[in-house]
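**Q** below: sequence and its predicted model.
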Amino acid sequence: MPPQPVQRILPKSRSTISTKIFIALGFIAVTTILAGAVSIMALKGFQDNFDNLINTNLPTLTDTAHISQLSGTVADRGPSLIISPNTWTRLTIIGQVEDDANWLEEILNRIPENELTKNRKTKLLELKTKLVETYNRLNVLTEERIRYGNRLTEIQQQMFQIQKDLVSAQSHTDLAKISLSSLAPLRKWHESIHAIIFKLMKGLNIKHPIPLQRLKTEVDIDIDKVFDDISKLPISTQRNAVSRLAKLNGISLGQEGLFSIKNKDLDATNQVLATLNTTRSLAERFAVAAELATRDVQNSIDATNQEASKSMNAILKALIAFILISAFIVVMTYMYVSRTIILRLSNLRGSMLSHAEGAVEKIDTSGDDEITDMARSLQYLVDALHSREIGLLEAKEEAEHASVAKTRFLAAASHDLRQPLQALNLFIYALENQETDPAKREIIELIRNSLDSLKELLNTLLDVSKLEAGVIQPLPRSFPARDVIESIRNEMTPVAWAKDIELRVVSNTTEIFCDPSLLGTVVRNLLDNAIKYTEKGRVLVGCRKHGHHLRIEVWDTGPGIPDDQKELIFQDFYQIDNEARKRTHGLGLGLSIVKRMTNLLDCSMGFRSVLGKGSVFWVDTPLAQDAATDRRLSTNARNDISKIPEGPVRIVIFEDDEHVLLGLKSVLEGHGYSTICFQSVHHERIKDTFSNAAHRPNLIIADYRLESQVTGREAIALVQATLGEAVPAIIITGDTAPARLREAKTSGFPILHKPIRPELLLAKVQECLSAEPPEKTQETEFEAV
């Protein structure tokens with residue numbers, strides 16, 4: 001039943017609350033204006049005093065504070081000037097001093113004469129001038145010290161070069177050409193030169209004139225003595241000795257020699273220290289004068305503040321009266337608003353939250369104002385939402401019923417279709433084995449192809465049912481990717497050739513860890529989809545490593561996928577450009593099954609597509625970690641025909657459909673097996689049949705759904721109980737309902753899904769007969785091919 005329409009409640013226009021609030025706020029505004037007028041009158045007198053303080057006293061105080069700050073800054077620049085490493089740095093410091101002096105003069109000129117006493121302004125200007133002159137003198141002295149220091153460094157480098165030349169001369173002297181009597185004086189002469197250079201090096205670090213003069217006398221005597229010893233040297237070395245000694249004499253005793261420059265450097269240092277002390281003294285005097293000027297200004301400000309305090313007292317009294325009156329009015333207004341507005345709005349909010357959480361709570365719609373209109377509107381909204389919610393619930397229930405009915409219909413239709421299809425399949429197989437006429441065998445082949453198409457559609461529905469039922473559980477193991485790819489190549493090559501499409505498969509021996517059966521289904525569906533939608537060109541299957549996974553890709557040269565349909569292709573029954581539902585394009589479940597199976601395998605998949613050029617779909621499977629430890633038994637071991645029982649092989653068949661039963665009997669007996677057939681489960685007949693040990697069966701084949709709600713599992717259990725031992729068994733079923741599939745899976749026996757190709761049935765019979773007879777065999781899923 002559709003929900004009943006809710007009658008709309010139109011809110012009435014109200015102004016009660018707004019009018020009351022407007023009156024209260026207007027009263028507050030009038031009170032504020034009156035109190036403000038009183039305050040303005042009191043503030044007028046304060047403003048005059050304040051303007052005097054701001055425009056006159058405070059700027060003067062700020063200027064005197066700047067003067068005090070500048071005095072300290074100027075005093076601190078003296079040491080920085082002395083230790084400056086180069087001329088550019090010194091000029092920068094001098095420029096800063098001059099800028100500070102100009103700023104200081106500008107500040108002093110701004111200060112009115114009446115603000116300072118006892119000619120403090122004139123004294124500050126005089127001290128400023130003296131400070132600038134002192135810094136200029138300090139700059140000149142510092143420049144001279146730097147020049148002397150550079151010269152001393154050059155002298156030191158020259159002495160190092162002389163020593164280097166002496167060492168080089170000693171190492172290159174040809175001793176064979178020098179007599180033994182001349183060798184000793186030459187060595188002694190070299191040692192004397194080294195001794196003089198060592199003394200000169202000490203002279204570079206002397207800090208006082210007296211020790212420097214004493215060292216100069218010693219070096220003069222040593223040089224004279226060395227001059228005298230030159231005549232004792234070998235004639236070949238005398239010329240170089242004279243040249244080196246003259247150079248040493250020039251850099252030590254010359255006008256620009258070490259002792260002359262060192263004396264000038266010491267004298268300049270003394271003058272720098274004296275000038276620096278003068279600078280500090282002037283800066284201290286400047287700071288004292290600035291402090292006295294600041295005190296003068298502070299005294300003037302104190303007087304102004306006293307007058308301002310009197311005006312402030314009057315202002316405070318007026319403001320207190322204004323605050324008290326306004327506070328009273330605000331309290332009264334709040335009490336009214338709280339009682340008539342806030343509380344009701346809070347209750348209305350609580351009702352809204354309760355309804356939002358699903359609770360049913362009565363909304364208070366009493367009153368005759370704007371809030372009442374809001375409450376009535378909210379009630380209308382709640383009633384309308386409730387009515388729509390009832391409609392949505394009914395629609396949901398109808399959709400769920402339709403889904404259940406669809407599932408039941410597909411399951412019933414699938415089972416009823418598979419029964420005659422299974423019988424027809426078996427009869428065609430038997431007929432094909434008996435018919436030798438080529439024309440008739442060609443007709444039989446056409447009938448088989450049509451049956452294969454029908455089986456493919458039914459198996460697609462079966463895959464969807466099994467995935468929805470959750471009966472498919474992956475059994476991952478390590479195996480070469482080539483196994484799956486080569487199997488699919490052999491299977492799909494004829495399909496591609498039939499459409500005149502080139503199928504190229506690039507195999508890969510990389511070990512992967514996955515369920516080979518489910519992975520084969522995924523790749524097969526992707527390849528089948530590519531072939532169906534490719535009219536010309538080729539389809540490529542290849543592999544490549546992608547991180548810790550092996551990516552299996554399927555490329556095609558089909559029409560591509562439009563961008564607006566890329567999110568829809570994984571939906572059930574969705575097909576691109578197949579409004580006519582061509583049989584060759586299937587049901588539109590291939591990609592839906594691929595998506596579900598990759599999720600089940602925990603593998604990622606994706607695709608790219610260019611409209612008009614083609615598409616590529618891929619699935620990423622994890623690489624095997626240790627393939628050697630996960631190898632299963634080889635196919636030869638599993639299918640060891642030596643384990644097939646000797647003698648006649650008896651197979652029990654349970655099938656309620658007469659035609660299917662006859663078809664199974666014909667196929668099995670046509671391959672030399674002996675059969676015992678039951679169309680229904682009769683306990684007494686079964687007991688009578690198998691009471692004789694000579695009739696013990698080697699295998700049981702049972703349809704899962706038999707007459708009288710009996711299942712094939714129960715029939716197998718009855719035979720095994722009669723025999724008192726486990727007998728291998730196979731369950732065949734045409735059911736696709738999820739509940740039936742889950743129930744069949746719990747039996748533990750191999751399951752074959754109708755319609756079954758006779759070749760596949762015979763292969764499964766061979767496998768069960770050759771296997772060890774377990775108490776309960778593990779389920780193996782087989783799909784019709």
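**A** In hand now; what should we look at?
**Q** and the spatially most central residue of the chain, its phi and psi?
**A** Residue closest to the mean C-alpha point of the chain, counted by CA atoms, centre = their mean, is residue 547 at 18.4 Å. Per-residue torsions, residue 547: phi 70, psi -130 (degrees, to the nearest 10).
**Q** got it, and residue 570?
**A** Residue torsions, per degrees, to the nearest 10, at residue 570 are phi -90, psi 10.
**Q** and it, how many neighbours does it have?
**A** Counted with other CB atoms under 10 Å, the neighbours of residue 570 add up to 16. All C-beta atoms are positioned from the backbone trio N, CA, C, and that covers glycine.
**Q** burial count for the closest residue in space to it that isn't next to it in sequence?
**A** Excluding the flanking residues, the one nearest residue 570 by CB to CB, 6 or more residues apart in numbering is residue 595, at 4.6 Å. Residues lying near residue 595 (other CB under 10 Å) number 16.
**Q** any idea which element residue 595 lies in?
**A** In this assignment (DSSP states H and E), residue 595 forms part of helix 590-601.
**Q** which SS state does residue 554 fall under?
**A** strand (DSSP: H, G, I helix; E, B strand; the rest coil).
**Q** with adjacent residues omitted, what lies nearest to it?
**A** Per CB to CB, 6+ apart, closest to residue 554 is residue 526, 4.4 Å.
**Q** chain center to whichever strand or helix holds that neighbour: distance?
**A** Secondary structure assignment for residue 526, by DSSP H and E: helix 516-532. Centroid separation for helix 516-532 versus its chain: 34 Å, with CA atoms, centre = their mean, to the nearest Å.
**Q** and it, what does it pack onto?
**A** helix 481-498, strand 538-546, strand 549-556, helix 590-601, strand 614-622 (3 or more CB pairs under 8 Å, 6 or more residues apart in numbering; DSSP states H and E).
**Q** so which of these comes closest to residue 651?
**A** helix 481-498 (28.7 Å; CB to CB).
**Q** how about the helix or strand just after the closest one: buried residues?
**A** Moving toward the C-terminus from helix 481-498, the next helix or strand (DSSP H and E) is strand 502-505. Using 16 or more other CB atoms under 10 Å as the test for burial, strand 502-505 gives 503, 505.
**Q** now do strand 502-505, average pLDDT.
**A** What strand 502-505 shows for mean pLDDT is 90.
**Q** cool, and stretch 440-460?
**A** Rounded mean pLDDT across stretch 440-460 is 68.
**Q** again, but for stretch 96-114
**A** 70.
**Q** ok, now stretch 225-241?
**A** Mean predicted lDDT for stretch 225-241 stands at 75.
**Q** and that stretch, how far apart are its ends?
**A** Chord length of stretch 225-241, first to last residue, is 13 Å (CA to CA, to the nearest Å).
**Q** list the buried ones in that stretch?
**A** 226, 233-234, 237, 241.
**Q** how about CSV for those, with secondary structure and distance to residue 680 added?
**A** As requested, the buried residues of stretch 225-241 are exported to CSV (DSSP: H, G, I helix; E, B strand; the rest coil; distance: CB to CB, whole Å):
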residue, secondary structure, distance to residue 680
226, helix, 140
233, coil, 141
234, coil, 140
237, helix, 137
241, helix, 138
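**Q** with respect to residue 196, which of the residues you listed is nearest?
**A** Among the buried residues of stretch 225-241, and counting by CB to CB, the member closest to residue 196 is residue 226, at 7.1 Å.
**Q** picking up where we left off before, now the helix or strand just after the helix holding residue 595: buried residues?
**A** Toward the C-terminus, helix 590-601 is succeeded by strand 604-610 as the next helix or strand (DSSP H and E). Of the residues in strand 604-610, 605, 607, 609 count as buried by neighbour count, 16+ other CB under 10 Å.
**Q** could you pull up the mean pLDDT of strand 604-610?
**A** 89.
**Q** for residue 256, grab phi and psi.
**A** Dihedral angles (degrees, to the nearest 10) for residue 256: phi -110, psi 20.
**Q** run a quick neighbour tally on the closest residue in space to it that isn't next to it in sequence.
**A** By the measure of CB to CB, 6+ apart, the closest residue to residue 256 outside its immediate chain neighbours is residue 151, 6.7 Å from it. Residues lying near residue 151 (other CB under 10 Å) number 19.
**Q** sorry, back to before: now for the buried residues of stretch 225-241, which pair is the farthest apart?
**A** 226 and 234 (15.6 Å).
**Q** which residues in the stretch 651-785 of the chain form strands?
**A** Taking DSSP state E, counting those that start in this stretch, the strands of the stretch 651-785 of the chain run over residues 674-678, 699-703, 729-733, 751-753, 781-782.
**Q** with just CA atoms, put the second one into CSV.
**A** It stands for strand 699-703. Taking C-alpha atoms only, strand 699-703 is exported to CSV below (Å, rounded to 0.1, in the frame of the first residue of the first chain):
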residue,chain,number,x,y,z
LEU,A,699,31.8,-47.2,-7.7
ILE,A,700,28.5,-45.3,-7.0
ILE,A,701,27.2,-42.6,-9.3
ALA,A,702,24.2,-40.7,-7.8
ASP,A,703,22.1,-37.8,-8.8
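**Q** partners of it in the sheet?
**A** strand 650-654 (parallel), strand 729-733 (parallel) (DSSP bridges).
**Q** how far does the first one sit from its chain's centre?
**A** In terms of CA atoms, centre = their mean, the centre of strand 650-654 is found 63 Å from the chain centre.
**Q** next one: stretch 687-705
**A** So, by CA atoms, centre = their mean, the centroid of stretch 687-705 is 65 Å from its chain's centroid.
**Q** between the two ends of it, how far is it?
**A** So stretch 687-705: terminal residues 21 Å apart, CA to CA.
**Q** longest helix of the protein, counting residues only.
**A** helix 258-337 (DSSP state H).
**Q** could I get the average pLDDT for that one?
**A** Per-residue scores along helix 258-337 average to 75.
**Q** same question for stretch 361-379.
**A** Regarding stretch 361-379, the rounded mean pLDDT is 75.
**Q** which parts of it are buried?
**A** Across stretch 361-379, burial judged by 16+ other CB under 10 Å covers 363, 365, 367, 369-379.
**Q** can you give me the angle the helix holding residue 526 makes with strand 549-556?
**A** 30 degrees (axes from the mean of the first three to the mean of the last three CA atoms, to 10 degrees).
**Q** how about helix 516-532: buried residues?
**A** 516, 518-532.
**Q** my read: residue 426 touches residue 757, true?
**A** No - judged on CB atoms under 8 Å, residue 426 makes no contact with residue 757 at a distance of 9.5 Å.
**Q** still on that earlier bit, looking at the strands of the stretch 651-785 of the chain, which is closest to residue 619?
**A** Of all the strands of the stretch 651-785 of the chain, strand 781-782 comes closest under CB to CB, at 19.4 Å.
**Q** picking that back up, can I get the strands of the stretch 651-785 of the chain in a markdown table with mean pLDDT?
**A** Formatted as a markdown table, these follow (pLDDT from 0 to 100):
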| stretch | mean pLDDT |
| --- | --- |
| strand 674-678 | 89 |
| strand 699-703 | 90 |
| strand 729-733 | 88 |
| strand 751-753 | 82 |
| strand 781-782 | 33 |
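**Q** nearest to residue 133, out of the ones you listed?
**A** strand 781-782 (109.0 Å).
**Q** number of nearby residues for residue 549?
**A** Residue 549: 16 neighbours (other CB under 10 Å).
**Q** ok, now residue 708?
**A** Residues near residue 708, counting by other CB under 10 Å: 7.
**Q** roughly how far does it sit from residue 327?
**A** According to CB to CB, to the nearest Å, residue 708 stands 94 Å off from residue 327.
**Q** quick revisit: so the residue nearest to residue 256 makes contact with residue 261?
**A** Yes - using CB under 8 Å, residue 151 is in contact with residue 261, at 4.9 Å.
**Q** any stretches of the stretch 501-650 of the chain with poor pLDDT?
**A** The stretch 501-650 of the chain contains residues with pLDDT under 70 at 572-590, 625-647.
**Q** whoops, I mixed them up, the stretch 651-785 of the chain
**A** 693-695, 736-741, 772-785.
**Q** that one: helices as residue ranges?
**A** With DSSP state H, counting those that start in this stretch applied, the stretch 651-785 of the chain shows helices at 658-670, 683-690, 712-723, 738-745, 758-770, listed in chain order.
**Q** done for today, thanks.
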